[in-house]
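>>> need a structure here:
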Amino acid sequence: MRMKYLRSIVYASSVTRQLTTAEMERLLVNARTYNQQHQITGVLLHSGFNFMQCLEGPVDAVGKVYERVRRSSQHKDIVEYMDREMSTRSFGSWNMGLAETADSELLGLSTAAWSKAAQQPFSFESPVGLELLKVFWNMRQQAA
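Sure, this is the predicted structure:
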């Protein structure tokens, strides 16, 4: 019997215009509702015009959400850091967690090693970038 895999995508993008507080709240409510209905979890980091997001869940559902992002006229300069199958979630208790970050924190996460090729051959561990994102997220939650 084949294990049912999940898909995890991490990307960064810029918005074409800065969002107001009300627009950010509406975006989060809509994302959380959609994600809960489609078993998607993850986190969203935000700093001014820049976002970094991790989406994880059923392969097809994550693909559909990511395609919506890629087609959206509100996003530009999309950089994909990771797209991989996984057996367990990294952010399983978050339909869409949000953290406001400094530009330097996003830069640090975006320059981490995200490629599986940067690891030892046949390693089943997460890419360094994902591990850093988890540490960052856990530290933010402890500070809150």
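>>> list the buried residues of the top strand by length along the chain.
With residue count as the measure and DSSP state E as the assignment, the chain has strand 75-86 as its longest strand. Within strand 75-86, the residues that qualify as buried are 75, 81, 82, 84, counting by 16 or more other CB atoms under 10 Å. The way it works is simple: take the backbone N, C-alpha and C, and place the C-beta from them, glycine included.
>>> same thing with stretch 68-76?
Buried residues in stretch 68-76, counting neighbours by 16+ other CB under 10 Å, are found at 69, 75.
>>> check which helix or strand covers the residue positioned nearest the centre of the chain.
To find the centre residue of the chain, average its C-alpha atoms and take the closest one (CA atoms, centre = their mean): that gives residue 54, at 1.1 Å. For residue 54, the host element (DSSP states H and E) is strand 50-58.
>>> how far off centre is the following helix or strand past that strand?
Heading C-terminal from strand 50-58, the first helix or strand you meet, by DSSP H and E, is helix 59-71. In terms of CA atoms, centre = their mean, to the nearest Å, the gap separating the centre of helix 59-71 from the centre of its chain is 12 Å.
>>> sweet, I'm off.
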